[in-house]
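# build the 3D model from these lines:
(2 chains)
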Amino acid sequence: MTAALSVQDLHVAIGRGATSANVLRGISLEVQPGEVRGLVGESGAGKSMLGRAVLGLLPANATIAAGSISFEGRDLVAMPEPERRSLFGRRIALIPQDPMTSLNPVKRVGAQVSILLRHHLGLSRRDALARAAELLAEVAIREPGRVLGLYPHEISGGMRQRVLIAMAFACDPTLVIADEPTTALDVTVQRQVLQLVERLRQRHGAAILFVTHDLGVVAKICRTMTVLHAGCVLEEGETADVLAKPLHPYTRALLAATPRADRPAEALRPVPPALIDSLWAEAHRLDRLSAMAPS
Amino acid sequence: MTDILLRTGSLSFAYPERAGLFRRQIMRDVVRRVDLAVLRGSVLGLVGESGSGKTTLGRLLVRLLQPTSGGIQFDGIEIGGLGEAEMRPLRARIQMIFQDPQSSLNPRLRLGVTLTRPLQVHGRLKRRRDRRDRAAYLLDLVGLPAGLIDRYPHELSGGQRQRAGIARALALEPDFIVADEIVSGLDVSTQAHILLLLRELRARLGLTMVFISHDLSVVRVLCDDVAILQHGEVVEYGPVGRIFSAPQHAYTRQLLAAIPLPDVEPGWLDDPGPIAPSLQQGSAA
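Numbering: from 1, shown residues only, chains lettered A, B, ... in the order given. As a prediction, the model looks like this:
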């Protein structure tokens, strides 16, 4: 079976020459068709950067220094630009983090969903609007016809996130990058959105790379997970195994530092700063090694 | 009854809004008839989702807002109706820690100045030397290295900035602190450090706090009592252990059920759970 997404030894650096800094230091991971893989890490771990690298959305000063990113066996890094563009938004989709800023505030919801369908699927204006209404109904938005005529500020944060999910699944993608899609939401809304993502995944059979800092979210929606720190993969495996028997001290420390509603306060153990320092020291050692290696 | 530091009686807040076909002015209730009592030396958690009125309630308690009706008694003094001049001597005793340390610390002031500005404003510690000593003491209190005294906020990490926000709130040795979502923007590892710092400070300084959060798991770490807010009303109020072990109100149970615990639990996603109709489809947040 060809992996929906295969990342091999990916190095990404920001800046050039002497002032460049590595943000991804040799990441490898795979997401099989229909699999939901959690990409877990704290801020600065490089998890969003990896998602952006896959989508070809790296910031202008970032470069892929080494490694490959393959989508269904085809190398995205080496692929000519027009061919890549035909994949993004259609075969590879993004559910962005922030439902407040990811929609155009001066365009009605209907216009934003239908432009996608007209562009990628070549639907007529009328067909696109009709299909947009179906898509909104699919993400459990009641009165989709009415919502299509509203501006983003007229709907709630949870509903905006559902519109973005509908847009991500609009063209039947085989790979979805979900970049912290529930972080800005209340817990009750988060639960509904996670349920929705899972339902759409089953219906469309898409593979999902689910970027999050929340081990609880990973436990509920991801079958497999990869733990990232300082741009390095520290641990990966089936979610059930990793959470039950974490092998890496950092994974164990993260779990112990996560407050749990089902346990008393005394159970909380912060991540030891010495552990973080040693991980960074190791990352910088890798940097020196790769700087010495002939390129 | 001196061991109750802060008490609210039927505290309400509403703001005027023009709505409807004829844009008539109506009053929109944000906080409705809230009765709370915070014991001296205890921490009360205020929990609710966005739009529940928890931040507005916090701002009423520190009198950044004036109640529409109802009262707030602070240390036996009714402060709900006090004007700014009458409030002023009490301001030093009531402090707030804000959610976003990035925007609540003045980017142009060195940390040492930020920490001692409240002392200047309230006319304490007139000598610069004394203020600097005090700033150094405050940094140490919240576990920041002394070398940060001449740094600017942008030179600090998120966790360090939040510690600075806490230090500033402690500068005047207040009796009562309202902390509004102060760990929600932080990473798990940083968050645990800040929560344990607050627990330690509370034990050392005997702080009385209201801790506002949307996250029940965080509240469990720090609080003695919890009040659950929904649509501006307290729907459940009690000791933290009881709220978690035997929640009475349907909304509390719903909030608890929605928290994803870091355990694999097949079926969690299939279970529709207790969903309130109001959450199915809301208006603008």
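# isn't B:H231 up against B:S50?
No. B:H231 is not in contact with B:S50 according to CB atoms under 8 Å; the separation is 11.6 Å. The C-beta positions use only the backbone N, C-alpha and C, and glycine is treated the same way.
# ok, residue 26 - contacts?
Using chain A here. Taking CB atoms under 8 Å, 6 or more residues apart in numbering or on different chains, we find A:G26 in contact with A:D9, A:L10, A:H11, A:A66, A:G67, A:C232, A:L286.
# that was the other one, I meant chain B.
Listed by CB under 8 Å, 6+ apart, the contact partners of B:I26 are B:P16, B:E17, B:R18, B:A19, B:G20.
# a markdown table please, covering those and showing distance to B:C223.
Shown next, in a markdown table, are those (distance: CB to CB, whole Å):
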| residue | distance to B:C223 |
| --- | --- |
| B:P16 | 34 |
| B:E17 | 33 |
| B:R18 | 38 |
| B:A19 | 36 |
| B:G20 | 40 |
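# any idea which of these is closest to A:S290?
B:E17 (59.3 Å; CB to CB).
# who's the closest one bridged to?
Beta-bridge partners recorded for B:E17 (DSSP bridges): B:I26.
# does it touch B:V30 like I think?
No. The pair B:E17 / B:V30 is not scored as a contact, 10.3 Å apart, by CB under 8 Å.
# neighbour count: the two, which is higher?
Applying other CB atoms under 10 Å in any protein chain shown to B:E17 and B:V30 shows that B:V30 carries more neighbours, namely 20 against 12.
# hmm, that one is touching B:E233, no?
No. Contact between B:V30 and B:E233 fails when scored by CB under 8 Å: they sit 10.5 Å apart.
# contacting residues around the one residue in the stretch 101-250 of chain A that gets nearest to chain B?
Distances between the stretch 101-250 of chain A and chain B by CB to the nearest CB are smallest at A:G216, namely 3.3 Å. By CB under 8 Å, 6+ apart, the residues touching A:G216 are A:T258, B:I259, B:P260, B:L261, B:P262.
# same check on B:T55?
B:D180, B:E181, B:I212.
# how about the CA coordinates for the stretch of helix or strand it belongs to, as CSV?
Using DSSP states H and E, B:T55 falls within helix B:54-61. Output of helix B:54-61 as CSV, limited to C-alpha atoms (Å, rounded to 0.1, in the frame of the first residue of the first chain):
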residue,chain,number,x,y,z
LYS,B,54,-16.8,34.8,33.4
THR,B,55,-14.4,37.6,32.3
THR,B,56,-17.1,40.3,32.9
LEU,B,57,-17.7,38.8,36.3
GLY,B,58,-14.0,39.0,37.0
ARG,B,59,-13.9,42.6,35.9
LEU,B,60,-16.8,43.4,38.2
LEU,B,61,-15.0,41.9,41.2
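# list the residues that contact residue 169.
No chain specified, so I'll use chain A. By CB under 8 Å, 6+ apart, the neighbours of A:F169 are A:A93, A:L135, A:E138, A:V176, A:L200, A:H204, A:A206.
# my question was about chain B, not that one.
B:A169 touches B:Q95, B:M96, B:I97, B:I177, B:A179, counting by CB under 8 Å, 6+ apart.
# now do A:L215
By CB under 8 Å, 6+ apart, A:L215 lies in contact with A:V40, A:L243, A:L254, A:L255, A:T258, B:V188, B:P262.
# among those residues, show me the least confident.
Within the set of these, pLDDT is lowest for B:V188 (87).
# for it, grab phi and psi.
Dihedral pair for B:V188: phi -50, psi -50, per degrees, to the nearest 10.
# near it, how many other residues are there?
Neighbour tally, B:V188, other CB under 10 Å: 21.
# wait, it touches A:L255, no?
No. At 9.1 Å, B:V188 and A:L255 do not qualify as touching, with contact defined as CB under 8 Å.
# pull up the per-residue confidence for the residue in the stretch 1-150 of chain B that chain A sits nearest to.
For the stretch 1-150 of chain B, the residue closest to chain A is B:E49, as judged by CB to the nearest CB, at 3.8 Å. B:E49 carries a pLDDT value of 89.
# tell me the SS of it?
What DSSP: H, G, I helix; E, B strand; the rest coil gives for B:E49 is coil.
# which residues of the chain fall in strands?
Looking at chain A here, since you left the chain open. For chain A, the strands defined by DSSP state E occupy A:5-14, A:21-31, A:36-40, A:62-71, A:74-75, A:92-95, A:175-179, A:207-212, A:224-229, A:232-238.
# right idea, wrong chain: chain B
Under DSSP E, chain B gives strands at B:4-19, B:24-39, B:43-47, B:69-74, B:77-78, B:94-97, B:176-180, B:208-213, B:225-230, B:233-239.
# neighbour-wise, which of the contacts of A:L215 leads?
A:V40 (29 neighbours).
# can you report how many residues neighbour the closest residue to it other than its chain neighbours?
Excluding its sequence neighbours, the residue lying closest to A:V40 (CB to CB, 6 or more residues apart in numbering or on different chains) is A:V227, at 5.1 Å. Taking other CB under 10 Å as the neighbour definition, A:V227 ends up with a count of 25.
# contacts for stretch B:227-245?
Residues outside stretch B:227-245 that contact it (CB under 8 Å, 6+ apart) are A:261-262, B:13, B:29-36, B:44-49, B:51-54, B:56-57, B:216, B:219-220, B:223-226, B:247-249, B:251-252, B:255-256, B:278.
# again, only this time at 7 Å
Outside stretch B:227-245, the residues within contact range by CB atoms under 7 Å, 6 or more residues apart in numbering or on different chains are A:261, B:29-32, B:34, B:36, B:44, B:46-48, B:52-54, B:57, B:220, B:223-226, B:247-249, B:251-252.
# and those, which of them are buried?
Buried members of these, scored by 16 or more other CB atoms under 10 Å in any protein chain shown, are A:261, B:29-32, B:34, B:36, B:44, B:46-48, B:52-54, B:57, B:220, B:223-226, B:247, B:251-252.
# which one of the contacts of A:L215 is nearest to A:M167?
Using CB to CB, the contacts of A:L215 come closest to A:M167 at A:V40, 25.2 Å.
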